[in-house]
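Peer 1: Predicted model follows, preceded by the sequence.
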Amino acid sequence: MRDIKIRTASIQDLPAILEIYSYYILHTAITFEYDVPTPEEFRLRMEQTLRMYPYIVAEEDGNILGYAYAGPFKTRAAYNWSVETSIYVAKEARQKGIGTLLLAHLEALLQRQNILNVNACIAYPKEIGDPYLTCESVRFHEKNGYRLAGRFHDCACKFSRWYDMVWMEKMIGEHVTPAPAVIPFPQLPTEKQNWN
């Protein structure tokens, strides 16, 4: 049994996290970002996320194997109970259950914040055999209880190829009125942030 620890990311993890993400920027259409962010820009992104939402890493023997975080689905107040999730696993650590582990822990933390809807924005190839993108992310999310909510066609161009984008959604809480207040991640009781 592998001893994989899931914990909140820190700024000290930035080089390892950015290295994981850089591969997907430079070699895949999984992210539609073109240029690798500077460490300073990436640090600001991490800090902004952690003001409200979880940003977690999977670590084994001091090595970061992957990371996951949530962000606002939309900025209007009525959307407060919905988030967009992101998960990236190191190239050499894929297909080993790391993504599933990260997603389960991320969703558990979001539930404690009273988040009800988790949404994934996923790049989708136009044809089978695309050299930069597969349907693996869609299959991964389906396996973890997400369902297709919508598809946008020819909405992004990377590597001189046009790509679709799909939204997938999952409900992780009961929709009641009045809706419970969303608790910012840093305000969760400490014991609720310990998950190993």
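Peer 2: It's in.
Peer 1: Give me the residue ranges of the chain where confidence is low.
Peer 2: Judged by pLDDT under 70, the chain has its weakly predicted residues at 1, 191-196.
Peer 1: For residue 65, give me its contacts.
Peer 2: Listed by Cβ atoms under 8 Å, 6 or more residues apart in numbering, the contact set of residue 65 reads 4, 57, 58, 59, 89, 90, 93, 98. Bear in mind the C-beta positions are built from the backbone N, C-alpha and C, glycine included.
Peer 1: Swap in 10 Å and give it another go.
Peer 2: 2, 4-5, 16, 20, 57-59, 89-90, 92-94, 96, 98-99, 101-102 (Cβ atoms under 10 Å, 6 or more residues apart in numbering).
Peer 1: again with residue 89
Peer 2: Counting by Cβ under 10 Å, 6+ apart, the residues that residue 89 touches are 20, 24, 58, 65-68, 95-102, 140.
Peer 1: Quick check: PyMOL command selecting the buried ones in those residues.
Peer 2: This is how PyMOL selects the buried members of those, with burial counted by 16 or more other Cβ atoms under 10 Å:
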select buried, resi 20+24+58+65+66+67+68+96+98+99+101+102+140
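Peer 1: Now, the contacts of residue 89 that are in strands?
Peer 2: Of the positions in the contacts of residue 89, 58, 65, 66, 67, 68 sit in strands, assigned by DSSP state E.
Peer 1: Could you export these to CSV, including columns for distance to residue 123?
Peer 2: Listed next are those as CSV, based on distance: Cβ to Cβ, whole Å:
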residue, distance to residue 123
58, 22
65, 22
66, 18
67, 18
68, 17
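Peer 1: Please identify the helix or strand for the residue positioned nearest the centre of the chain.
Peer 2: In the chain, the centroid-proximal residue (Cα atoms, centre = their mean) is residue 86; its distance is 1.4 Å. Assigned by DSSP states H and E, residue 86 falls within strand 82-89.
Peer 1: Could you report the distance from the residue nearest to the centre of the chain to residue 117?
Peer 2: 15 Å (Cβ to Cβ, to the nearest Å).
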